[in-house]
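Peer 1: Build me a model:
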Amino acid sequence: MVERLDEERIEMLRSWGEGLQTSDRDELRASGRAILMLIEEIDRLEADLWNERAAAIQAATEHRSSASLASTLRDRLAQRPAPPEPTG
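Peer 2: Next comes the predicted model:
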């Protein structure tokens with residue numbers, strides 16, 4: 001089973017990609033560029049994932065806060081004495 005790419009492995013791949021880019025052989029330079037492009041995409045995807053998670057947490061927090069506010073208002077209105085009936 002292949003282990004996940006942690007930061008250490010990403011940095012190792014980045015180093016390999018940078019090293020391959022300095023090769024005299026075209027196919028090795030192309031391989032180095034491809035490795036670096038894939039690492040950049042991984043970085044972008046991780047940032048997107050982090051932003052999506054942060055937005056989901058923020059939305060959940062706002063929803064709980066809104067629900068709590070509505071519940072508090074309902075409770076306070078229920079505890080308020082009824083206004084006197086008009087005499088007429």
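
Peer 1: is it true that residue 17 touches residue 35?
Peer 2: Yes: applying C-beta atoms under 8 Å, one finds residue 17 in contact with residue 35, separated by 3.4 Å. In this view, the C-beta of every residue, glycine as well, is placed from N, C-alpha and C.

Peer 1: neighbours of residue 10, just the number please.
Peer 2: Counted with other C-beta atoms under 10 Å, residues neighbouring residue 10 total 15.

Peer 1: ugh, typo on my part, it should be residue 42
Peer 2: 13.

Peer 1: Do I have it right that it meets residue 10?
Peer 2: Yes: using C-beta under 8 Å, residue 42 is in contact with residue 10, at 6.9 Å.

Peer 1: Does the residue positioned nearest the centre of the chain belong to a helix, a strand or coil?
Peer 2: The centroid of the chain falls nearest to residue 50 when counting by C-alpha atoms, centre = their mean (2.0 Å). Under DSSP: H, G, I helix; E, B strand; the rest coil, residue 50 falls in the helix class.

Peer 1: quick one: it and residue 4, what's the gap?
Peer 2: From residue 50 over to residue 4 the distance is 16 Å, taken as C-beta to C-beta, to the nearest Å.

Peer 1: Report the rounded mean pLDDT for stretch 24-38.
Peer 2: Taken as a whole, stretch 24-38 has a mean pLDDT of 97.

Peer 1: Using CSV, write out every CA atom in it.
Peer 2: C-alpha atoms of stretch 24-38 as CSV (Å, rounded to 0.1, in the frame of the first residue of the first chain):
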residue,chain,number,x,y,z
ASP,A,24,21.0,18.0,-20.4
ARG,A,25,18.4,15.6,-21.6
ASP,A,26,15.1,17.0,-22.9
GLU,A,27,12.9,14.1,-21.5
LEU,A,28,14.4,14.5,-18.0
ARG,A,29,13.9,18.3,-18.0
ALA,A,30,10.3,17.7,-19.1
SER,A,31,9.9,15.1,-16.3
GLY,A,32,11.2,17.6,-13.8
ARG,A,33,8.7,20.3,-15.0
ALA,A,34,5.9,17.8,-14.9
ILE,A,35,6.7,16.8,-11.3
LEU,A,36,6.8,20.5,-10.3
MET,A,37,3.6,21.2,-12.0
LEU,A,38,1.9,18.4,-10.2
